[in-house]
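Everything below, folded, please.
(one chain, ligands or ions: 2)
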Amino acid sequence: MIFDELQELGRTAVEEEQAAEHRINVCVAAGCVSSGSDHLLQQLKEEVAARGLEGKVLVKGVGCMGPCAGGPVVRVASEDILYQNVQPEDARSIMDQLGKGPIERLAVPTDRPFFKRQEQVVTQNCGVIDPERLDDAVAHGAYSALAKVLSEMTSLEVIDQVIRSGLRGRGGAGYPTGLKWSTVAKAGGEKKYIVCNADEGDPGAFMDRSVLESDPHRVLEGMAIAAVATDAQEGIIYIRAEYPLAIDRLKKAIRQAERAGVLGKNVLGAMHEFHVQIRLGAGAFVCGEETALLASIEGKRGSPRPRPPYPAESGLWGKSTLINNVETFANIPAIISNGADWFAGIGTEKSKGTKVFALAGKVQNTGLIEVPMGTPLRDIVFEIGGGIPDGHSFKAVQTGGPSGGCISAENLDSPVDYESLAELGSIMGSGGIIVLDETSSMVDVARYFMDFSMDESCGKCVPCRVGTVQLHELLEKFLRREAGPRDMKLLEELCDTMQTCSLCGLGQAAPNPVLSTLRYFRNEYEELMAGEPAAAAGEEGES
Ligand SMILES: Cc1cc2nc3c(=O)[nH]c(=O)nc-3n(C[C@H](O)[C@H](O)[C@H](O)COP(=O)(O)O)c2cc1C
Ligand code: SF4
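Ligands and ions are numbered 1, 2, ... in the order given. Below is the predicted model of the structure:
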C-alpha cells in the first residue's frame with residue numbers, strides 16, 4: 001500500500017532528527033518572516049555548514065509557535081529553550097551556546113501560562129514540522145487517519161464519528177459538521193465537490209492563514225477524508241490572494257501529495273479519486289459567505305444568494321457541495337485517529353473540542369492560541385494573554401470581528417463557547433479576539449467595524465447597502481457630539497431593520513458591534529450626546 005511507502009519516508013525524517021545532537025526550529029510563518037526569520041534561518045544554516053556540523057545540528061524552518069508579536073521566534077527543541085526577537089546576527093551566539101543553556105537576553109520561559117494553558121489539537125504540529133516537507137508531516141502522523149478511513153472504516157462509520165464528536169463549523173455559524181457531511185453523502189448526482197473556505201476576511205484574524213502556513217497537509221487530509229466519506233471527487237480551496245505564503249505552501253503540499261499518490265486518481269492507492277485545486281479570491285469579505293464564495297469560484301460576481309437551496313443540496317454548478325472552514329477540516333484527522341469520544345470529552349456540553357484564536361489588541365502576549373471550548377475569557381486575557389500592558393486597565397474584548405460584539409468586564413468569567421458568546425450579544429465568529437483598554441472609545445470601536453461593513457457590503461440588498469451607510473453616519477454624528485435622543489432611537493431601529501431584513505449574514509450581523517456597545521457601554525453614547533469626552537467613559541475595569 002502507498003501508505004507503507006509514505007511511512008518509510010516519515011521514518012527517514014525521524015532518523016534524521018534522532019541522529020542530530022541539537023535541533024533548532026525557526027518560525028517561517030508570515031508573522032516571523034515579515035520580521036526577517038527567513039534571513040535568520042539562512043544564517044543559522046550557513047553557521048552549521050561553516051562549522052562542519054551538518055547532521056549534528058539540525059536547523060529547520062517550522063510553522064507558527066504562537067507568540068507572534070515576539071518574532072522572529074526560535075526554539076532550540078533539543079533543550080526546550082525559546083528565543084524571541086532574534087536577529088540574523090544572533091545566529092553565531094545561538095550556535096556558540098548550544099548545549100550550554102539559554103542566552104539570557106533572548107530567552108523567554110516556556111513554562112508560562114501562554115503555553116501551559118493551551119490545548120493543541122489543530123495546531124499540534126504547528127511549530128514542530130517543516131510545512132514544506134511531506135516526510136516531516138508524515139513523521140508526525142499526517143495521512144494516518146486517511147489510511148485508517150480507507151482500510152478500516154465505511155463512509156457511514158466516518159460520518160458517524162464526526163457526528164458523535166460534536167464538531168461544529170469553525171467558520172462562524174457553528175453548524176454541526178457531521179450533519180452537513182451526512183446531507184452531502186446522501187445527495188445524488190454523479191459529481192460532488194469539497195470546498196475549503198480559506199477566505200478569512202475578519203480584521204485581526206489570522207488563524208486559518210497560520211494553520212495553512214504551518215501544517216497544510218492536515219487540511220488536505222481533512223478534505224480527503226470528507227471526500228471519501230461523501231463520495232466527492234473534486235476539492236477546491238478558496239483562499240484570498242493576500243495570503244501568498246499560505247498559497248505557496250498549499251501548492252507545494254498538493255504537488256507533494258499528488259506525487260506520493262496521496263491525492264489523485266487513487267487516493268492512497270485505493271479506489272477513490274480526489275483532486276484538489278486552489279482558487280484565489282480578491283479579498284472581498286463577502287466572498288467568505290458560502291453562496292458568494294461559490295459564485296466567485298464559478299467566475300460570477302461574488303455576491304450572496306438566498307438559501308435554500310443550501311450548497312449541500314445545490315452548490316457549485318448545481319452539484320451537491322460540502323463547504324467547511326480550514327479549522328473544521330483540520331480537526332478531522334485528530335477525530336478519526338483518537339475517536340469521537342476523545343474529542344467530545346474536550347470542551348462544553350454543546351461546544352466540543354478546542355478553538356484556535358488570534359489574540360490581538362491591548363494585551364501583553366498577542367499571537368495564535370488554541371484553548372478548550374469553555375475556557376473563561378478572563379483566563380484568555382489575563383493568564384494566556386498576560387493582562388493589559390503599560391499599567392492600563394481592561395475595558396472590553398471584541399470577538400467575532402465585524403459580525404461580533406464587545407463584551408464588558410463584568411462578563412469576563414463567561415466561558416468562550418457558541419452559546420455563551422451569543423447570549424452576551426457577540427459571536428464566536430472565526431476566532432479573532434481583540435482586547436481593549438480604558439483608552440478606547442466604544443462608540444469609535446463600533447464606528448470602526450461599521451466602516452468596515454459599509455465598505456464590504458456587496459450592495460445587493462437595500463437594508464445592508466443603505467443601512468450600513470446610515471449607521472456609519474449616525475455613529476459619526478455621535479462622535480462629533482451632534483447626536484440627540486432621536487438619533488439614539490434611529491440607531492436602534494435601524495439595527496433592528498438590518499438584522500431582520502438583510503439577505504445574508506454580513507448585513508444581518510453588521511449591527512452587532514453597535515448593539516453590544518449600546519448594551520454594555522450605553523453611558524458612552526449618552527455622554528457624547530451631552531457633549532462629554534468619548535474615551536475613559538467606560539466601566540471601571542481591572543488592571
Ligand atoms: C460575510 C460573511 C463572511 C464569511 N467569511 C467566512 C470566512 O472567511 N471563512 C469561513 O470559513 N466562513 C466564513 N463565513 C461562513 C460561511 O458562510 C460558511 O458558513 C462556512 O464556510 C461553513 O463552514 P463551517 O461549517 O466549517 O464553519 C462567512 C459568512 C458571512 C456571512
Ligand atoms: S446583506 Fe449586504 S452583503 Fe449581504 S447580500 Fe445584502 S448587501 Fe450584500
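
Excluding chain neighbours, give the residue nearest to A187 in space.
Leaving aside its sequence neighbours, A187 sits nearest to S320 (C-beta to C-beta, 6 or more residues apart in numbering; 3.5 Å). Bear in mind the C-beta positions are built from the backbone N, C-alpha and C, glycine included.

Phi and psi next, for whichever residue of the stretch 1-150 of the chain sits closest to ligand 2.
Ligand 2 sits closest to A30 of the stretch 1-150 of the chain, with a gap of 27.7 Å, by C-beta to the nearest ligand atom. A30 adopts backbone torsions of phi -60, psi -40, taken as degrees, to the nearest 10.

check contacts around it.
Neighbouring residues of A30 by C-beta atoms under 8 Å, 6 or more residues apart in numbering: F206, R209, S210, E213, Y243, L245, A246.

if I look at the residue nearest the centre of the chain, how far off is A246?
Using C-alpha atoms, centre = their mean, the residue of the chain that lies closest to the mean C-alpha position is M207, 2.5 Å off. Separation of M207 from A246 (C-beta to C-beta, to the nearest Å) stands at 12 Å.

Just confirm S320 contacts K192, I think it does.
Yes. Look at S320 against K192 with C-beta atoms under 8 Å: they come within range, at 4.8 Å.

more neighbours, the two?
Just comparing S320 and K192: by other C-beta atoms under 10 Å the higher neighbour count belongs to S320, 25 against 22.

per-residue pLDDT, that one?
pLDDT recorded at S320 is 98.

Report the contact partners of it.
T183, V184, A187, G188, G189, K192, Y193, P311, A312, E313, S314.

again with Y193
Y193 is in contact with A232, E234, G235, I236, G315, L316, K319, S320, T321, L322, counting by C-beta under 8 Å, 6+ apart.

pLDDT score assigned to the second one?
In the predicted model, E234 carries a pLDDT score of 98.

For the closest residue to it other than its chain neighbours, list each beta-bridge partner.
Counting by C-beta to C-beta, 6+ apart, E234 lies nearest to Y193, which is 5.1 Å off, once chain neighbours are set aside. Applying DSSP bridges to Y193 yields these beta-bridge partners: E234, T321.

Can you give me the distance of G429 to ligand 1?
Separation of G429 from ligand 1 (C-beta to the nearest ligand atom, to the nearest Å) stands at 9 Å.

Can you report how many residues neighbour that residue?
26.

Equivalent analysis for L368, please.
27.

same check, this time on D130
So D130, with other C-beta under 10 Å, has 18 neighbours.

quick one: low-confidence ranges for the stretch 251-400 of the chain?
Along the stretch 251-400 of the chain, no part satisfies pLDDT under 70.

ignore the last one, the chain
Within the chain, the stretches with pLDDT under 70 are 1, 532-543.

Wait, A224 touches G261, no?
No. With contact defined as C-beta under 8 Å, A224 does not count as touching G261 (11.9 Å).

Who has more neighbours out of those two?
A224 (30 against 18).

Contact partners for the more buried one?
L146, G235, V262, L263, V267, F274.

how about 7 Å then?
By C-beta atoms under 7 Å, 6 or more residues apart in numbering, A224 lies in contact with L146, L263, V267, F274.

my guess is G222 meets V326, correct?
No. Contact criterion C-beta atoms under 7 Å: G222 and V326 do not qualify, at 8.7 Å.

neighbour-wise, which of these two wins?
Neighbour count, other C-beta under 10 Å: between G222 and V326, V326 has more, with 30 against 27.

What sits closest to the more buried one if chain neighbours are left out?
D208 (3.9 Å).

burial measure for the one you found, as a count.
So D208, with other C-beta under 10 Å, has 28 neighbours.

what helix or strand does it sit in?
Using DSSP states H and E, D208 maps to helix 207-214.

Are there helices or strands packed against that helix, and which ones?
helix 244-259, helix 326-338, strand 354-361 (3 or more C-beta pairs under 7 Å, 6 or more residues apart in numbering; DSSP states H and E).

ok so, going back, gap between the residue nearest to E234 and ligand 2?
Noted for Y193: a distance of 23 Å to ligand 2, by C-beta to the nearest ligand atom.

what's the host helix or strand of A185 in contact with?
Here A185, judged by DSSP H and E, is contained in helix 177-186. The contact list for helix 177-186 (C-beta under 7 Å, 6+ apart) reads 155, 159, 162-163, 167-169, 192, 226, 229-231, 312, 320, 322, 324, 328.
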